[in-house]
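Asks: Can you look at this prediction? I've put the sequence above it.
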Amino acid sequence: MRLKYLLYLTLIFSVNCFNACKCNTKQQGGEKEQVYLYSFEKTPALTADHSKQLISDYLGIKDVHDLTLNKDENVVYFVSDTDVNTTFEQNLNNGNFEFSKSPKEYGNVIPKLPSKDEAVKIAESFMKSKNIFPGNESEMRLIHNGGVREQAVINGQKAGPVIDKLITLTYSRTIDSLPVIGAGSKIIINIGDKGEIVGLNRRWRELNKSSAKQLTTPEVFTQSEAQEQAKQQIQTEFGQAPYEIRSSVKSYYDNNGNYLQPVWAFNVMVYLNRQDKNVQPVKYLCIIPMLKNTPEQLRLNAIDPRAKEMIKTITPNSDSTHNQRTGEKNND
């Protein structure tokens with residue numbers, strides 16, 4: 001489950017970043033735009049009993065037992081005895097949690113899914129009813145309205161009809177008109193038959209706005225200084241392979257730590273072998289901290305090695321989102 005979570009957040013991070021960096025010019029976000037250093041509101045002390053209550057609330061399981069606690073990370077895991085697809089996970093340090101369950105009707109059933117607009121209303125109504133809707137609605141934005149499709153093979157020979165099984169909504173955050181990227185500040189909701197909520201991944205904490213520290217010019221790297229660091233990072237990852245910086249954007253970075261801090265995000269195309277048309281260029285997201293003296297290390301190059309190997313096995317013809325690489329570690 002842990003490996004699935006690491007890979008999942010890596011891919012979601014790529015979706016969020018490329019959505020934020022999508023622009024026609026070389027730079028989005030001027031040098032003179034004011035940025036701040038923020039801290040998050042303190043999370044109340046949580047215990048496994050709190051996780052049990054959430055499992056009861058979201059999965060309908062009253063007698064919760066066999067919780068697994070990873071003491072090193074202070075993360076609670078749960079897998080149902082009767083259905084391995086019914087799972088729950090919570091970080092007791094920051095309150096982030098996720099759950100997943102099998103739809104009431106799956107198999108070969110064609111679900112009655114809501115329209116995209118209806119799905120948004122259902123998702124946001126659900127969050128409000130559970131008191132997990134963001135405190136500042138203006139910070140939240142819907143960046144992706146997609147879903148899950150399934151296609152069966154008939155008699156082991158020919159492809160059957162394509163069936164839309166789930167709707168997936170992905171929300172991210174905007175602060176000071178800048179996108180927030182990273183492992184945190186996102187909410188992903190899966191909606192199934194007749195509007196049933198079958199999965200939620202909530203990584204959202206409230207900002208302490210009074211903590212905002214305005215950063216001065218001497219405290220931050222300029223775009224050109226950050227671009228030089230990006231060059232070094234790209235060469236560390238890819239050697240002397242030619243590359244092109246398609247765009248850059250000022251962003252905030254939520255590392256699931258104590259701070260929300262500004263970064264430079266460079267949207268890069270790396271050409272591993274221009275002579276071989278079968279070798280596709282690699283989309284790479286290069287993140288450079290903006291603060292010269294960052295209060296919290298982002299450890300951007302420390303992706304779990306097992307997750308890296310899984311990413312490498314994805315075929316070149318799969319969806320472009322899954323072919324993107326990023327220098328991020330997903331910290332709880």
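Replies: Now that the structure is in, tell me what you want to look at.
Asks: tally of neighbours for the closest residue to Gly135 other than its chain neighbours?
Replies: Using Cβ to Cβ, 6 or more residues apart in numbering and skipping the chain neighbours, the partner closest in space to Gly135 is Glu206 (4.9 Å). Using the backbone N, CA and C atoms, a C-beta is placed for each residue, glycine as well. Other residues lying near Glu206 total 13 when counted by other Cβ atoms under 10 Å.
Asks: which residues does Glu206 contact?
Replies: Residues in contact with Glu206 (Cβ atoms under 8 Å, 6 or more residues apart in numbering) are 40-41, 134-136.
Asks: Just give me the closest of these to Gln214.
Replies: Phe40 (17.9 Å; Cβ to Cβ).
Asks: Could you measure from the residue nearest to the closest one when sequence neighbours are not counted over to Asn267?
Replies: Leaving aside its chain neighbours, Phe40 sits nearest to Arg205 (4.6 Å; criterion: Cβ to Cβ, 6+ apart). Taking Cβ to Cβ, to the nearest Å as the measure, Arg205 falls 27 Å from Asn267.
Asks: go on, Ile189?
Replies: Taking Cβ to Cβ, one finds Ile189 at 27 Å from Asn267.
Asks: and if you look at Leu69?
Replies: Between Leu69 and Asn267 the computed distance is 39 Å (Cβ to Cβ).
Asks: Which one's more surrounded, those two?
Replies: Legend: neighbour count by other Cβ under 10 Å for Leu69 and Asn267, higher for Asn267 (23 against 14).
Asks: so that one bridges to which residues?
Replies: Ser247, Leu285 (DSSP bridges).
Asks: Verify the stated contact: it with Leu285.
Replies: Yes. Asn267 is in contact with Leu285 according to Cβ atoms under 8 Å; the separation is 6.5 Å.
Asks: Doesn't Ser224 lie inside a strand?
Replies: No. Counting by DSSP: H, G, I helix; E, B strand; the rest coil, Ser224 is not part of a strand but helix.
Asks: Can you get me a residue count around it?
Replies: Using other Cβ under 10 Å, Ser224 has 8 neighbouring residues.
Asks: the helices in this structure, which residues?
Replies: If DSSP state H is used as the criterion, the helices of the chain fall at 2-21, 48-59, 116-129, 223-238, 305-312.
Asks: And stretch 254-272, how far out from the chain middle?
Replies: Remark: stretch 254-272 is offset 12 Å from the chain centroid, using Cα atoms, centre = their mean, to the nearest Å.
Asks: Could I get the buried residue list for it?
Replies: Of all the residues in stretch 254-272, those buried under the rule 16 or more other Cβ atoms under 10 Å are 254-257, 259-268, 270.
Asks: now stretch 220-228
Replies: Buried-residue list, stretch 220-228, by 16+ other Cβ under 10 Å: 220-221, 223, 226-227.
Asks: can I get those in TSV with distance to Asn278 and pLDDT?
Replies: TSV is the format used below for those (distance: Cβ to Cβ, whole Å; pLDDT from 0 to 100):
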residue	distance to Asn278	pLDDT
Val220	42	96
Phe221	38	96
Gln223	35	94
Ala226	34	96
Gln227	31	96
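Asks: Check the residues you listed against Pro295 and report the nearest one.
Replies: Out of the buried residues of stretch 220-228, the member with the shortest distance to Pro295 (by Cβ to Cβ) is Val220, at 13.2 Å.
Asks: Cool, thanks, talk later.
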